[in-house]
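In: Structure for this input, please:
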Amino acid sequence: MLDIKKSLLEGDKKIGIWGTGFIGFSTMANFANNGIKVIGFDVVKDKVDTINDGKIPIEGLEYWLGFTIEELVKSGVMRATYNISEMEDEDIIVHMVAIPTEKEGEPFDDILIEVMKNISEIVKKRKNKSETPLIIVESTITPGRSDSICLKILKESGLDVGSDVLYGVSPRRDWFVSPEKNLRKLPRIIGGTTKETTQMMKEVLSVICDTLVPASDHKHAEIVKSVENAYRHMDITFANQLSLAYPNMNVTEILRLAGTKWNIGTFHPSFGTGGYCIPLSSKYVLMGAEKPEFLSLLKETIEYDTKQPEKVIEKIKRKNLKSAGILGLSYKGDIKVTILSPTLKLVELLKKECIEVKVNDPLFSAEEITRISGTKSFRFPEDLHLFDALLIVADHKQYRSTPHKIIKQNLKNCKLILDNTEVWKDIDFDNSDIEYHIAGDKGWLV
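Out: Here you go, the predicted model:
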């Protein structure tokens, strides 16, 4: 029987990675940095070319990753391809699936289906039948999709799961804005269709992760990530509801104090949740539930959270303000991700109310901002004087590090600032005409 970990570390075998986004690329880089040969497949040629030039294709990820990839690429331990035939390499013994499973803010299975069909064909073509390839799904998928899509495709192609091919799930938990929350340090759930598969997953993933927690099977491993984030989604939405239920109290302070209790997390009101994980995970859980009618709290959470940006716009309308600048196209500071960013909904609603709106984000070009948000960009801090209202969505480093004097000098016409992430909490606006609120403080949406 093949010693999979030894064969990978000695360079006899390789890992093939499907998708080179945040998850796939960081998987590639971490395995390569531990001396394991990796090949990453992606349909985006520019991304493939960037990796093969020895450059990190995602802006800001080097800080989280903690190392560069130039030498890894030069040495041949790491490379990318958009030619699917290269994934037929007989030395690829592990296939990591790290593809998008959402589209336009909703769960989306088409790419997963396509990739699983491709892997099935590749496994069938293998000449060495004595070695059993291992598939590990890293993407967050709707509960039940392993059985209804992945395993179904493998079986329909004539493969015996457990004999011809092994299958397991191990969703990622990384937080890409915090270097300490990385592949090595965060506990990771693993689960295969058999105990032997789970053990093999542990051997492979132990190269890059110190703490691996086995689930009873792939079904339980697959749902954990979605449930974790659905919990957080409900807690964050409750925080937003509290800030409206108690408009004359600083709910942000209340929640910070409540978070000092040993079994309560610290949550913060906001303009609405965004990103790949939290809002989408609730939808994954609902979609995969055998009896979704019992998840009424989760359903209400999604509905309420979706409408949160409307409450922010109502504040601007009540103040009779005519122009608004939004700081941050990304949903989170220092990370170039716009999936379900509150900014997208805010722009849509402001335009609907005929309120002039522009967006700034240092991680995106002016062309990217216009294409993604549907409105023009503006310069920071030079153009802050153009707006009556300012909405701070993302806590980018540039917004945090600009001297307070320069910011205040450019806010000549501003009447209202709503700060989603406490970026400017230390700026003194008391002696100005500006009404400044941190999301969740007293009267922030009144």
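In: where does the chain have low pLDDT?
Out: 1 (pLDDT under 70).
In: quick one: the residue nearest the centre of it and residue 107, what's the gap?
Out: Computing the C-alpha centroid of the chain and ranking residues by C-alpha atoms, centre = their mean puts residue 276 first, at 3.8 Å. Per C-beta to C-beta, to the nearest Å, residue 276 is found 11 Å from residue 107. To be clear about C-beta, it is placed using only N, CA and C from the backbone, and glycine gets the same treatment.
In: cool, and residue 47?
Out: 23 Å.
In: now do residue 121
Out: As judged by C-beta to C-beta, residue 121 and residue 107 stand 25 Å apart.
In: Looking at these two, which is more packed in?
Out: residue 107 (20 against 13; other C-beta atoms under 10 Å).
In: ok, now which ones touch the more buried one?
Out: By C-beta atoms under 8 Å, 6 or more residues apart in numbering, residue 107 lies in contact with 101, 142, 280, 283-284, 287.
In: Return the closest of the residues you listed with respect to residue 165.
Out: The nearest member of the contacts of residue 107 to residue 165, counting by C-beta to C-beta, is residue 101 at 20.7 Å.
In: Next, count neighbours for that closest one.
Out: Residue 101 - counted by other C-beta under 10 Å - has 21 other residues nearby.
In: With residue 117 instead?
Out: 15.
In: Ramachandran coordinates for the closest residue to residue 187 other than its chain neighbours?
Out: Spatial nearest neighbour of residue 187, excluding adjacent residues (C-beta to C-beta, 6 or more residues apart in numbering): residue 211 at 4.1 Å. Main-chain torsions, residue 211, degrees, to the nearest 10: phi -130, psi 110.
In: With residue 66 instead?
Out: The phi/psi pair for residue 66 (degrees, to the nearest 10) is phi 90, psi 0.
In: Next up, the contacts around it.
Out: 179, 182.
In: now with 10 Å?
Out: By C-beta atoms under 10 Å, 6 or more residues apart in numbering, the contact set of residue 66 is 29-30, 33, 179, 182, 184.
In: gap between residue 375 and residue 346?
Out: 10 Å.
In: neighbour count winner among the two?
Out: residue 346 (24 against 18).
In: Which helix or strand contains that one?
Out: Element membership for residue 346 (DSSP states H and E) is helix 342-352.
In: next one: residue 436
Out: Short version, using DSSP H and E: residue 436 is in strand 435-438.
In: Tell me which other helices or strands that strand touches.
Out: helix 251-258, strand 389-392, strand 416-419 (3 or more C-beta pairs under 10 Å, 6 or more residues apart in numbering; DSSP states H and E).
In: Which one, of those, ends up nearest to residue 71?
Out: strand 389-392 (38.9 Å).
In: Using CSV, write out every CA atom in that closest one.
Out: The C-alpha trace of strand 389-392 is given here as CSV (Å, rounded to 0.1, in the frame of the first residue of the first chain):
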residue,chain,number,x,y,z
ALA,A,389,-22.4,61.8,3.7
LEU,A,390,-19.6,59.3,4.1
LEU,A,391,-20.1,55.6,4.6
ILE,A,392,-17.0,53.7,5.8
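In: Show me how far the helix or strand just after that strand is from its chain's centre.
Out: Per DSSP H and E, strand 389-392 leads on to helix 397-401 as the next helix or strand towards the C-terminus. Computed by C-alpha atoms, centre = their mean, to the nearest Å, the chain-centroid distance of helix 397-401 equals 22 Å.
In: Quick check: end-to-end length of stretch 160-180?
Out: Terminal residues of stretch 160-180 lie 40 Å apart, using C-alpha to C-alpha, to the nearest Å.
In: For residue 425, give me its contacts.
Out: 252, 419, 436, 438, 441.
In: Over to it. Which of the three states is it?
Out: Judged by DSSP: H, G, I helix; E, B strand; the rest coil, the three-state class of residue 425 is coil.
In: mind checking how far it is from residue 293?
Out: Distance from residue 425 to residue 293, by C-beta to C-beta: 42 Å.
In: in the stretch 1-150 of the chain, which spans are helices?
Out: 4-9, 22-33, 45-52, 61-65, 70-74, 110-125, 145 (DSSP state H, counting those that start in this stretch).
In: Next, format those as JSON lines and append distance to residue 389.
Out: Putting those into JSON lines (distance: least, C-beta to C-beta, whole Å) gives the following:
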{"stretch": "helix 4-9", "distance to residue 389": "55"}
{"stretch": "helix 22-33", "distance to residue 389": "32"}
{"stretch": "helix 45-52", "distance to residue 389": "37"}
{"stretch": "helix 61-65", "distance to residue 389": "32"}
{"stretch": "helix 70-74", "distance to residue 389": "44"}
{"stretch": "helix 110-125", "distance to residue 389": "39"}
{"stretch": "helix 145", "distance to residue 389": "42"}
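In: and the lengthiest helix in the chain, what other elements does it pack with?
Out: Looking across the chain with DSSP state H, the single longest helix is helix 218-245. Packing partners of helix 218-245 (3+ C-beta pairs under 10 Å, 6+ apart): strand 134-137, strand 166-169, strand 188-192, helix 195-205, strand 212-214, helix 251-258, helix 278-288, helix 296-318.
In: Pick the most buried one from those.
Out: The highest average neighbour count among these, using mean count of other C-beta atoms under 10 Å, belongs to strand 166-169 at a mean of 26.
In: For residue 12, give me its contacts.
Out: Counted by C-beta under 10 Å, 6+ apart, residue 12 has contacts 2-3, 6, 37, 91, 93.
In: Angles on the backbone of it, please.
Out: phi -80, psi -30.
In: how close does it get to residue 37?
Out: For residue 12 relative to residue 37 (C-beta to C-beta), the value is 9 Å.
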